[in-house]
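Enquirer: Structure of the sequence below:
(one chain, ligands or ions: 1)
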Amino acid sequence: APARIKRDTTPIYDGSQVNGKTYDYVIAGGGLTGVVLASRLSEDTGRSVLVIEAGYNEEDNSDVSDASKYQNAFGTWIDWAYQTVPQASADNQPQTMRSGRALGGSTTINGMAFSKPHSFQIDALEQLGNTGLNWDSLEQYMRRAETFHAPSSSQYAAGVTYTSSCHGTSGPISVQFDPNAAPTDLEHTFNSTVLDLGLPYATDLTCGNPAGAAPIANTRNGQQRIDAYTGYLVGKSRPNLTILSGANVGKVILSSDATPVATGLEFRDETNHLYSVSAKLEVIMATGSIKTPVILQQSGIGPTSVLENAGVTQKVNLPIGLNLIDQVTTTTDWTFSANRGGGQPITWPRFEDLVSGSDATNLRNMLQNDLASYAQAAVTAGAAETASGLQTVLEIQRDWILNRSAAVSESFDYSFSTTLGYDSWFLLPFGRGSIQIQDNQAYDGNFSIDPRYLSNPFDRLASGATTRFTNTVSDASPLSGDLRGRTAPGTDLSGTASLEDWAEWVQNNYRSNWHPIGTAAMMSRELGGVVDSRNRVYGVSNLRIVDASTLPFQVSAHLMSVLYGLSERASDLIKADHAGSSTSSSSSAGPSSTSSVSQSMTSRTISTSSAGPSATATTGPIHPNGDTTKCVDVKDNNIANGALLQ
Ligand SMILES: Cc1cc2nc3c(=O)[nH]c(=O)nc-3n(C[C@H](O)[C@H](O)[C@H](O)COP(=O)(O)OP(=O)(O)OC[C@H]3O[C@@H](n4cnc5c(N)ncnc54)[C@H](O)[C@@H]3O)c2cc1C
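Expert: Here you go, the predicted model:
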């Protein structure tokens, strides 16, 4: 067996150890949300829980645990590095979407920034048909995930601000300002510059009003990254929790009832054996915004045209894989006249900060007149189910931008040596994309990811305005006095150039913001929703989705806080829904009877194998030193060999 066996929540690697067994809860994916659910649901010692995760325990990987090594893991084995299709409205090139493949999921490779949206953005979840889901109810779950460490007295004296009542005090995820950093000259200069430009100051980015300039805390404890797995499971003794790592889920097993019942999962372990497990109470999907739609479409839950083209028999017609929303990021750079110290000032400009005069009039008119055509364009592109449903959501986004002074962009600024850089993105795209399987191969098949970056005319100009604003800041005093010149974009693009010119630069110089959401949206069925307010998939029994795919729109925040809150909330809902149910008897008593496994296997189409080992099986671990090519579960859509794709 691989030597990476750890502590009490020991992952196992051999799928035959769970094959044919029944667990109360079977969770696909052990990323941010999967790990929260595994931890909370296994608190109930009478319930058996299985998590199936494609990646491994990366506690010993310093690229994960060392908080200063952000980006080192990009392009390595633990980055899925999903490839989009060439982006027709941008530069016609594919984009790489970073995503973590490990216990802890994307929290093992992410930027650790911890912020919360506007309270009215979370209240809008209720407006979309999710009764009872609003800022007040979710905020307590966001706090339940968090333990906040106040800044040191010297940090406080140097100007770090916070509001302790907005934070949690006893949750699994430690949130802290970098203990080795206090605001530098640069940060003071930067903040006074943006305040002079009229931006407000946000004392704390977790209080429900993040617009303006603010300090940002991270999910860290000292120099250690606190990812979801480290926070929620490492060191916990949970005999009723089984974690199978290195295994790819391919399908949800569904009964042939008129309303299909999710009875388990089919998966392939690290040695390519094909196996299945049963869920007595529920199957929970937590494989993230890209893979959740792929797995569900392969299982027969999805849009008619997508499943027909792929040759998959449809069991439930749902807009799974539609409504994909990600943002685009640009990087702009300046040179300092002298080293001004490191630092990470962050700004969240509003519409009124980004544009004025005819630009503001033009953009406002677009939002006032063109939402119906935006919604229709998404339907035509196969990215929305109905124009009326999407328009309802877009009208809510318009209200945030034009009437509620929402933060519409984020600018994450950094300085090192003599460079000042800004990573900036327009937060609230009106465009929508899709994820579609291309064949009926659940393990070695192809799927297309098309975020349709910059296809929406408003997104395009708002992205231009977002990037141009970094120039406005750099040109303003006192910051301008410290800068020698701009290195990206080149000076042929002047600060007063039109939004159109800046948008064109963005089209050729952007990257994915790596925040895909929306592909199984939580909202009423009529609006294009896939799950209800309790995370239950419409038209299927015993199946929930609890991951980033359920967010129906982007918000003015990094996503972790919301996802920790939503998965904490879901764990309570699931526990409550099964409070009276009896427990699974076979989970700890070895494989369930062969006959029940065979029955579930014959009720679905399976080309590669019958129950039990597949013909291509080999043995031995595949990570980190083994033959990683064995773990390729979707052709051309991941890295399995550790090579850098870009
Ligand atoms: C590079 C990067 C930087 C980011 N920076 C920040 C930040 O600073 N702050 C912030 O708040 N958010 C940030 N995010 C976003 C945040 O990390 C994600 O939104 C969040 O982790 C999504 O949670 P999830 O549970 O939906 O998916 P994930 O956490 O990605 O988990 C999905 C899990 O499913 C597994 N999986 C996939 N397919 C299968 C399969 N077939 N079988 C079994 N398992 C499978 C994956 O390996 C993964 O472990 C960043 C994301 C990235 C990629």
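Enquirer: Contact residues of the stretch 1-150 of the chain facing the ligand?
Expert: 28-34, 52-55, 98-102, 105-107, 109-113 (C-beta under 6 Å from any ligand atom). Bear in mind the C-beta positions are built from the backbone N, C-alpha and C, glycine included.
Enquirer: Can you name the residue of this structure nearest the ligand?
Expert: Ranked by C-beta to the nearest ligand atom, the top residue of the chain for proximity to the ligand is residue 31, at 1.7 Å.
Enquirer: Grab the nearest non-local neighbour of that residue.
Expert: Closest residue to residue 31 apart from its sequence neighbours, by C-beta to C-beta, 6 or more residues apart in numbering: residue 105 at 1.9 Å.
Enquirer: near the ligand, which residues of the stretch 151-300 of the chain show up?
Expert: So far as C-beta under 6 Å from any ligand atom goes, the stretch 151-300 of the chain lies against the ligand at 248, 249, 286, 287, 288, 291, 295.
Enquirer: just checking, the second one touches residue 295?
Expert: Spelled out, that is residue 249. Yes. With contact defined as C-beta atoms under 8 Å, residue 249 counts as touching residue 295 (5.8 Å).
Enquirer: Looking at these two, which is more packed in?
Expert: The residue with more neighbours, out of residue 249 and residue 295, is residue 249; 30 against 24, by other C-beta atoms under 10 Å.
Enquirer: What are the neighbouring residues in contact with the more buried one?
Expert: 28, 29, 52, 54, 265, 266, 267, 287, 295 (C-beta atoms under 8 Å, 6 or more residues apart in numbering).
Enquirer: are any of the residues you listed buried, and which?
Expert: By neighbour count, with 16 or more other C-beta atoms under 10 Å, these hold 28, 29, 52, 54, 265, 266, 267, 287, 295 as buried.
Enquirer: still on that earlier bit, ok, which pair from the residues of the stretch 151-300 of the chain next to the ligand is furthest apart?
Expert: Within those, two members stand farthest from each other by C-beta to C-beta: 248 and 286, at 13.9 Å.
Enquirer: Counting neighbours, go ahead and name the busier of the two.
Expert: Between residue 248 and residue 286, counting by other C-beta under 10 Å, residue 286 is the more crowded of the two (31 against 25).
Enquirer: my read: residue 375 touches residue 387, true?
Expert: Yes. Between residue 375 and residue 387 a contact is recorded at 4.1 Å, counting by C-beta under 8 Å.
Enquirer: For those two, indicate the residue with more neighbours.
Expert: residue 375 (23 against 20).
Enquirer: can you tell me which residues contact that one?
Expert: 384, 387, 388, 389, 390, 391, 394.
Enquirer: Surely it is within a strand?
Expert: No. Assessed with DSSP: H, G, I helix; E, B strand; the rest coil, residue 375 is helix; it does not lie in a strand.
Enquirer: Just confirm residue 491 contacts residue 497, I think it does.
Expert: No. Using C-beta under 8 Å, residue 491 is not in contact with residue 497; the gap is 10.7 Å.
Enquirer: Please identify which of the two sits among more neighbours.
Expert: Neighbours per residue (other C-beta under 10 Å) separate residue 491 from residue 497, with residue 497 holding more: 16 against 9.
Enquirer: Identify the spatial nearest neighbour of that one, chain neighbours not counted.
Expert: Residue 497 sits nearest to residue 468 (C-beta to C-beta, 6+ apart), 7.7 Å away.
Enquirer: wait, is the one you found part of a helix?
Expert: Yes. Counting by three-state DSSP, one finds residue 468 located in a helix.
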